[in-house]
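*Asks:* got a sequence here, can you model it:
(chains A, B, C and D)
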Protein chains: 2
Amino acid sequence: MKVLVVDDEPQIRRALRTSLEAHGYEVATVGTGEEGVVASADQQPDLVLLDLGLPDMDGTDVIRRVRGFSDVPVIILSVRDAQSDKVAALDAGADDYVTKPFAMEELLARARAALRRAGPDEPPQPTLRYGALEIDLARRLVTLDGQQLHVTPTEYSLLEALVSNPGKLLTHQWLLRRVWGQGYGTETTYLRTYIRALRKKLGDDASSPALIVTEPGVGYRWVGESA
Amino acid sequence: MKVLVVDDEPQIRRALRTSLEAHGYEVATVGTGEEGVVASADQQPDLVLLDLGLPDMDGTDVIRRVRGFSDVPVIILSVRDAQSDKVAALDAGADDYVTKPFAMEELLARARAALRRAGPDEPPQPTLRYGALEIDLARRLVTLDGQQLHVTPTEYSLLEALVSNPGKLLTHQWLLRRVWGQGYGTETTYLRTYIRALRKKLGDDASSPALIVTEPGVGYRWVGESA
DNA sequence: GAGCGGCGTGAAGATGTCGTGAACGGACCG
DNA sequence: CGGTCCGTTCACGACATCTTCACGCCGCTC
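*Replies:* A predicted model of the protein is given here:
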């Protein structure tokens, strides 16, 4: 059983590694959220222990990005005990939330519970393919005909939202909220601009789309043939 | 979503029932462990909230007995915060452990997380079929003879209103309010126009309808034979 | 059998949305 | 300080959709 520990404090990493290895787990540790996402994809751990207070990125964003390509159990370790943090993390896709300082006994029990639930299932591929187009969710990398494409953060966020919900009609409001955040919902010009940029870069044609279909008055839909 | 609450204190049962029902859950409550085990088998809830301090039997035994026939997510509610209790409950098969007094917000978030994990069992028939006509409510797709149909937002909204209430007589006013919003209710010309468009696209005939029946002076009715 | 109202039909104008191209301004970096 | 990248915003033509109107048909009432 492989466990990935994502925490910026070396002492905690060491403590967790010691305890986990003493209980027969294989342990990998990283110190940043970005590394955590990549390691979750590369090493395919059976469990992720994630510190919410990472220096490089917001914890809930780490969860969401991992959830973009994997269903691996994620247990949050946090110094913050606020309800809002717990609710946000759990709703972002976390499986459990433990407040530091925690008892190792309890953490191990919760880890066992999470691993038992996850049970036996095969991991999906972290990189999607649509013809000549490749999208690596873990590394935020887009390649077309082997050539790496440069996409801006907003463009990628929109692309990810589309690709993560293939075939589904995503409304303007839903996309705006997901990419730009709460408080947005009416700025359809943003969508038009970025959909256009994506189509241009991905080589899609608005009038006869093979990837992104616009549903007039409602939203957009990803229709790329998985291949 | 059905939730079974197992707790011996009537106040807690009532409080949980109120909050859960306010969030759209169907709630059943029992007061003893024995009843809890029986109800878990009979009613097949999607989630069990279990008080550890029941008068009739030990909480971990309840978990074990339930686990004997079901993988339903079980969240423990307990006044005891001792490590040994948590570890025992989790290792007995519980999914999560929340200490009373708990914040309802957090409990609901943990319940969502547990339900999400159990998640993709059987999506409750997201796609309706009426002969050669298929309506995928989740993806917002309409197909006829395998061919994808293009329906405008208003057309789809009206179709959805009809299909969601099969066999029921939907009055002009009800349809207008549902599709066009409050403030409408007399514009029957809108209905005539869009019912006509739908019948045309769906291949239905107004004079001998197989899908949408006109109830003169009152409204319309969806009579498609589910197949 | 004549009058009336509701319905289906067809088509026209008005409205709104989309795709497109481009410009502006701030952030970042050298 | 100058350049680039990126997010934001605007304007315009093309087109789909929504709204509105007019007409003929049918069933009902008197």
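*Asks:* list phi and psi for the residue nearest the centre of chain A.
*Replies:* Nearest residue to the geometric centre of chain A (C-alpha atoms, centre = their mean): residue A:65, 1.3 Å. Backbone geometry at residue A:65, expressed as degrees, to the nearest 10, gives phi -70, psi -40.
*Asks:* what separates it from residue A:198, distance-wise?
*Replies:* 19 Å (C-beta to C-beta, to the nearest Å). All C-beta atoms are positioned from the backbone trio N, CA, C, and that covers glycine.
*Asks:* equivalent analysis for residue A:11, please.
*Replies:* Using C-beta to C-beta, residue A:11 is found at 44 Å from residue A:198.
*Asks:* low-confidence ranges in chain A?
*Replies:* Applying pLDDT under 70 to chain A flags the ranges A:119-126.
*Asks:* where exactly do the helices run in it?
*Replies:* A:10-22, A:33-42, A:59-67, A:83-92, A:104-118, A:153-163, A:172-180, A:188-202 (DSSP state H).
*Asks:* buried residues in the first one, which are they?
*Replies:* What it means is helix A:10-22. A:12, A:13, A:16, A:17, A:20 (16 or more other C-beta atoms under 10 Å in any protein chain shown).
*Asks:* how about the residues of chain A near DNA strand C?
*Replies:* A:172, A:188-189, A:192-193, A:195-196, A:199, A:205-207, A:214, A:216-218 (C-beta under 7 Å from any atom of the strand).
*Asks:* among those, who's most crowded?
*Replies:* When neighbours are taken as other C-beta atoms under 10 Å in any protein chain shown, the top entry among the residues of chain A next to DNA strand C is residue A:195 (22 neighbours).
*Asks:* dump the residue contacts of it.
*Replies:* A:158, A:212, A:214, A:220 (C-beta atoms under 8 Å, 6 or more residues apart in numbering or on different chains).
*Asks:* make a PyMOL selection of whichever of the residues you listed turn out to be buried.
*Replies:* The following PyMOL line selects those of those that are buried, judged by 16+ other C-beta under 10 Å:
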select buried, chain A and resi 158+212+220
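*Asks:* just the ones of the contacts of residue A:195 in strands?
*Replies:* Judged by DSSP state E, these include A:212, A:214, A:220 as members of strands.
*Asks:* with distance to DNA strand D added, can I get the residues you listed in a markdown table?
*Replies:* Formatted as a markdown table, the ones in strands among the contacts of residue A:195 follow (distance: C-beta to the nearest atom of the strand, whole Å):
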| residue | distance to DNA strand D |
| --- | --- |
| A:212 | 17 |
| A:214 | 10 |
| A:220 | 14 |
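*Asks:* so which of those residues is the closest to residue A:79?
*Replies:* residue A:220 (40.0 Å; C-beta to C-beta).
*Asks:* what pairs with the closest one across the strands?
*Replies:* residue A:170, residue A:214 (DSSP bridges).
*Asks:* can you name the residues that contact it?
*Replies:* A:162, A:169, A:170, A:175, A:191, A:195, A:212, A:213, A:214.
*Asks:* could I get the residues you listed in CSV, plus columns for distance to residue A:41?
*Replies:* Putting the contacts of residue A:220 into CSV (distance: C-beta to C-beta, whole Å) gives the following:
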residue, distance to residue A:41
A:162, 20
A:169, 28
A:170, 24
A:175, 25
A:191, 28
A:195, 27
A:212, 25
A:213, 28
A:214, 31
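*Asks:* nearest to residue B:113 among those residues?
*Replies:* residue A:170 (23.6 Å).
*Asks:* distance of that closest one relative to residue B:141?
*Replies:* When residue A:170 is compared with residue B:141 (using C-beta to C-beta), they lie 13 Å apart.
*Asks:* just residue A:164 next, same as before
*Replies:* 18 Å.
*Asks:* got it, and residue A:52?
*Replies:* Residue A:52 sits 39 Å away from residue B:141, going by C-beta to C-beta.
*Asks:* these two: who's more crowded?
*Replies:* More crowded of residue A:52 and residue B:141, by other C-beta under 10 Å: residue A:52, with 24 against 19.
*Asks:* ok, that one - contacts?
*Replies:* Counted by C-beta under 8 Å, 6+ apart, residue A:52 has contacts A:59, A:60, A:76, A:77, A:78, A:80, A:85, A:89.
*Asks:* now swap in residue A:81 and tell me
*Replies:* residue A:99.
*Asks:* do that again at 10 Å, thanks
*Replies:* Counting by C-beta atoms under 10 Å, 6 or more residues apart in numbering or on different chains, residue A:81 makes contact with A:97, A:99, A:100, B:106.
*Asks:* now do residue A:156
*Replies:* So residue A:156 contacts A:135, A:137, A:140, A:141, A:142, A:149, A:150, A:179, A:198 (C-beta under 10 Å, 6+ apart).
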